[in-house]
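Q: pasted the sequence and its predicted model underneath.
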Amino acid sequence: MQYMHNVLDLTKIPNDTGVAIEYRIPQSSKRIDFILTGKDQYQRDMAIIVELKQWSKVSRTEKDAVVRTYLQRGQCEVEHPSYQAWTYSALLYDFNETVRKEKIQLRSCAYLHNCVSNDVINHSFYNEHTSRAPSFLKQDTRKLSDFIRSFIKYGDADKIMYRIENGKISPSKNLADQLVSLLNGSREFLMIDDQKVVYETVLFLAKQSEENSKHVLIVNGGPGTGKSVIAVNLLVELTRRKMVVQYVTKNAAPRAVYESKLTGSFKKSHISNMFKSSGAYTSCDENVFDVLVVDEAHRLNEKSGFFQNQGENQIQEIIQASKFSVFFIDEKQQVTFKDIGDREEIVSRANRLGVKVQEMELTSQFRCNGSDGYLAWVDNALQIEETPVDSLESFNYDFRVLDSPNDLRDLIYRKNQYNNKARIVAGYCWDWITKKNSGPGQYDIKIDEHNFMMKWNLADDGNLWILKPESVSEAGCIHTCQGLELDYIGVIIGPDLICRDGKLITVPEKRARTDASLKGYKKLLKENPELAARRAERIIKNTYRTLLTRGQKGCYVFCTDPETNEYFKSLLPQGKAVFHEPAEAVWGNKAAEDSPSWGKYPGLPLKVAAKSDVIPFVNAVPVFDFSNSFPPVELTAADESYDWVWLPEYITCGPDFFVVRMVGESMNKRIADGAWCLFKKTMAEKCAGEIVLAYHPDIYNTDGSGCYAIRRYWPDESVLREQRKVLLQPETRTPGYADIEIAGDSIGRLEILGEFVLSF
């Protein structure tokens, strides 16, 4: 703080410059040391990111954006501070819609206030990164001061930092969704901090490895630390470097999802050559591959094949088949008796084969809203290990305990309406009855006291359950979600995990007969009861730990055992122990069909609220249909002529929002006929190029919307000055729709009632 005080005092920046210290980047565990906000000489909004380092000595490496310095744990390889500063800037830009939409300019730099030598930090080897974010040393106080002053001439009178802090957060990128773009060479994910060091280390060792000088790298990392993202990026980059490389995983679900995402963009033979099962190397010649990148390596088995009778040892076979093997592991995600992929076994096999072993750690968190603390809380809550994190009070993560599985299901249904990224999973405590008989009225999971019934997912969608929109009505298990991620996860904790007097007890006998995860347990129980109980406890708790960490934004829990449900409630912050969904907030087609308003608003997927329960623009917004009513120019809470609807939880109500139905096919590339749309009232001059709801007395649509039109709005006078007209453009696959042209004095009678937000 003293060093930055000296810089700012010297800079003489305006007194009303904004300052943020230790600002947490949304949906990550990363924090920006310093942000300064204000305006430049052109009155543009500016935010300067400053990464501070206490290092006094730094040495070069042969890896891109990686240097070596002394930290508390000794000499370490870490990312170059300039690279760190500009990637933090890029993350802030990616995650914060306010920064993008309001065109807040970001600049970044690093300040090593104890370092004197310029030989390494500003060496030409790191030019790519220092050109994006300069690094200033101890003697560069004046230069840093000038750098800040060159971008901040005026203070933060427009509350730039406040707008950033309260800006809408973009969803984190999902690996599966970005796969095609990644394999086509786009950089969809920035490697940050320890991710970058691991990534560059793999590239370095891949280049060094030969048949007589092989390497194994073990990378430890918990859920959401980027193991799969790094693995796929390595597959792309190593292939680009003309190396023979494959991505290996024991889990079938990620491979099926990846193949589905790539179908149509790549040949099937190409896909199958990129992504392989861990059992594919039982009869492989030695050193056929330059690199094998093994994701979810904790799930590796000793034997391969359906009957576990092929090969000798999957770890050994992978090491033998490649000059360099990378194993990404999280031992706390071993979920069957057959899982052997732990550090000790990999090191042992490598040593027997005379292969050099190196180990690294990943800690940067990008799941569970970027909260390392949530993962520690889960370990504490499941009594896997005692951690200092025993409360969720300070985490911006949506964790709830529900009183019934029906509430859990309804909540997941609502969350899934937005982008098909919410699912229910359960402990494997119910037999898979519908595998052989999936007819009407057949269910696997039955919780009689709540009149709850659900099928396991595997019957129709198989390992693509996580993608198919209709599969939200079916429950997944550990085998179909491990290695993948969602926005929201609903977890049913079955009778294999119960709480008695504050202690969690595992009950292996309550696992389903059709679950092979504990195969071998009964035999071991006879031979060594203590070891059998210990291993079964680890598998069951690891299973729920994995399920509870699949959601990026939220996790909802219901326990079949009442005392266990009360135990999890007791761990929540006061006032959040019990979550009751408001009765009128239930939405979705079924809820709408049951509503008396269904006939008035056909197909409306939002529940119309009783007038007595409405707090206008706080918990509900007005709804309109061209056949019954229309949105007035001014929306007022006092107007009794229109109805109100509850919005989904992911949308914050506001005084400018309203819902209206799309009529016709004029926008069917973006909005289907009959879809209900959320609009936000705004000033016409802010809507150039946006989809709007427009009114003009001289236009008339025969599709039923009369003088109203939902179209793309082009009023840009710089483009249309000579024509002196405004265009309302359709975006449709249906012939017969032309631009609506409004010209001359008629433009003054055009009303832009709202800007399109989304459709339901």
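A: Sure thing, it's come through.

Q: distance of Leu728 from Ile447?
A: Distance, Leu728 to Ile447, using CB to CB, to the nearest Å: 53 Å. (C-beta placed from N, C-alpha, C; glycine too.)

Q: for the stretch 401-550 of the chain, give me the ranges with low pLDDT.
A: Under the criterion pLDDT under 70, the flagged ranges of the stretch 401-550 of the chain are 438-440, 458-463.

Q: isn't Ala672 right next to Val663, touching?
A: No - assessed by CB atoms under 8 Å, Ala672 is found out of contact with Val663, at 10.9 Å.

Q: who has more neighbours, those two?
A: More crowded of Ala672 and Val663, by other CB atoms under 10 Å: Val663, with 20 against 11.

Q: next one: the more buried one from Leu727, what distance?
A: Taking CB to CB, one finds Val663 at 20 Å from Leu727.

Q: now swap in Gln54 and tell me
A: 58 Å.

Q: and for His123?
A: 54 Å.

Q: what about Leu728 and Ile447, which has more around it?
A: Neighbour totals were compared for Leu728 and Ile447, and Leu728 leads with 23 against 17 (other CB under 10 Å).

Q: packing partners of the helix or strand where the more buried one lies?
A: Per DSSP states H and E: Leu728 is located in strand 725-729. Applying 3 or more CB pairs under 8 Å, 6 or more residues apart in numbering; DSSP states H and E, one finds that strand 725-729 contacts strand 708-714, strand 740-743.

Q: need the winner for burial among these.
A: strand 708-714 (a mean of 22; mean count of other CB atoms under 10 Å).

Q: tabulate the CA atom coordinates of that strand in CSV.
A: Presented in CSV, the C-alpha positions along strand 708-714 are these (Å, rounded to 0.1, in the frame of the first residue of the first chain):
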residue,chain,number,x,y,z
TYR,A,708,-46.5,-2.9,-33.9
ALA,A,709,-43.4,-4.6,-35.2
ILE,A,710,-40.5,-6.5,-33.7
ARG,A,711,-37.6,-5.9,-36.0
ARG,A,712,-33.9,-4.9,-36.2
TYR,A,713,-33.7,-1.1,-35.9
TRP,A,714,-31.4,0.9,-38.1
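
Q: list the contacts of that strand.
A: 626, 630, 662, 666-667, 671, 677, 684, 687-696, 699, 701, 720, 726-731, 740, 752-753, 756 (CB atoms under 8 Å, 6 or more residues apart in numbering).

Q: so what strands line up beside it?
A: Here strand 708-714 has these sheet partners by DSSP bridges: strand 691-695 (antiparallel), strand 725-729 (antiparallel).

Q: avg pLDDT for the first one?
A: Same thing as strand 691-695. The average pLDDT within strand 691-695 is 88.

Q: what of stretch 646-666?
A: Across stretch 646-666, the average pLDDT comes to 80.

Q: restrict it to CA atoms and write it as PDB.
A: Output of stretch 646-666 as PDB, limited to C-alpha atoms (Å, rounded to 0.1, in the frame of the first residue of the first chain):
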ATOM      1  CA  TRP A 646     -43.000 -13.600 -12.200                       C
ATOM      2  CA  LEU A 647     -39.600 -13.600 -14.000                       C
ATOM      3  CA  PRO A 648     -37.100 -16.500 -13.700                       C
ATOM      4  CA  GLU A 649     -34.600 -16.100 -10.800                       C
ATOM      5  CA  TYR A 650     -31.700 -15.400 -13.100                       C
ATOM      6  CA  ILE A 651     -33.300 -12.100 -14.200                       C
ATOM      7  CA  THR A 652     -33.400  -9.100 -11.800                       C
ATOM      8  CA  CYS A 653     -36.700  -7.100 -12.200                       C
ATOM      9  CA  GLY A 654     -36.600  -3.500 -13.000                       C
ATOM     10  CA  PRO A 655     -38.900  -0.600 -13.800                       C
ATOM     11  CA  ASP A 656     -38.200  -0.800 -17.500                       C
ATOM     12  CA  PHE A 657     -39.000  -4.500 -18.100                       C
ATOM     13  CA  PHE A 658     -42.200  -5.900 -19.700                       C
ATOM     14  CA  VAL A 659     -43.100  -9.100 -21.500                       C
ATOM     15  CA  VAL A 660     -44.900  -9.300 -24.900                       C
ATOM     16  CA  ARG A 661     -45.600 -12.100 -27.400                       C
ATOM     17  CA  MET A 662     -43.900 -12.400 -30.800                       C
ATOM     18  CA  VAL A 663     -46.500 -12.700 -33.600                       C
ATOM     19  CA  GLY A 664     -45.500 -13.900 -37.100                       C
ATOM     20  CA  GLU A 665     -42.400 -15.200 -38.800                       C
ATOM     21  CA  SER A 666     -40.600 -11.900 -39.500                       C
END
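
Q: just give me how far that stretch sits from the chain centre.
A: A distance of 24 Å separates the centroid of the chain from that of stretch 646-666, by CA atoms, centre = their mean, to the nearest Å.

Q: so which bits of it are buried?
A: 646-650, 657-666 (16 or more other CB atoms under 10 Å).
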